[in-house]
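Student: The following comprises the amino acid sequence and a computationally predicted model.
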Amino acid sequence: MEEHNITTEPLFTEYVDFETFSKSDFRTVKIKDCIAVPKSKKLLQFTLDDGTGTDRTILSGIHAFYEPEDLIGKTVIAILNLPPRNMMGIDSCGMLLSAVHEENGEEILNLMIVSDNIPAGAKLY
């Protein structure tokens, strides 16, 4: 078996109380469309089905790790109750969750892709 030099960020030592945690609205979302944001090397613009019947837009700086066309149709995890954040003139309404670590000195990012059997809008606890 090949050995890898893997580094992860240290765990937080500070606790978050349950009430604070429960205010975070984590949901599954389906990627309906994904495009590279013009004039940006990092940003992808996602059009998402969040289960409400209205499309949601989230921008994510993951283009170094994924090509837009490879993500269309996937089911991923997002936090939806963050305030909108304007990036490159586009409001991003939430954040997609990823796992990040360093391997042999290089950052590795994995978008949290889950089973397509989980419907859009399913709440995570």
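Tutor: That came through fine.

Student: Residues in a beta bridge with Leu44, which ones?
Tutor: For Leu44, the beta-bridge partners are Ala36, Ser60 (DSSP bridges).

Student: How about the contacts made by it?
Tutor: With contacts defined as CB atoms under 8 Å, 6 or more residues apart in numbering, Leu44 is in contact with 34-37, 59-63, 66, 68, 71. Yep, even glycine has a C-beta here, placed from its N, CA and C like the rest.

Student: rerun at 10 Å
Tutor: Counting by CB atoms under 10 Å, 6 or more residues apart in numbering, Leu44 makes contact with 31, 34-37, 58-63, 65-68, 71, 96.

Student: Just the buried residues from the residues you listed, in ChimeraX please.
Tutor: Here is the ChimeraX command that selects the buried residues among those (16 or more other CB atoms under 10 Å):
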select :31,34,37,58,59,60,62,63,65,66,68,71,96
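
Student: quick one: the helices in this protein?
Tutor: Using DSSP state H, the helices found in the chain span residues 18-22, 68-71.

Student: What are the phi and psi values at Phe65?
Tutor: When quoted as degrees, to the nearest 10, the phi and psi of Phe65 stand at phi -110, psi -20.

Student: All set, thanks.
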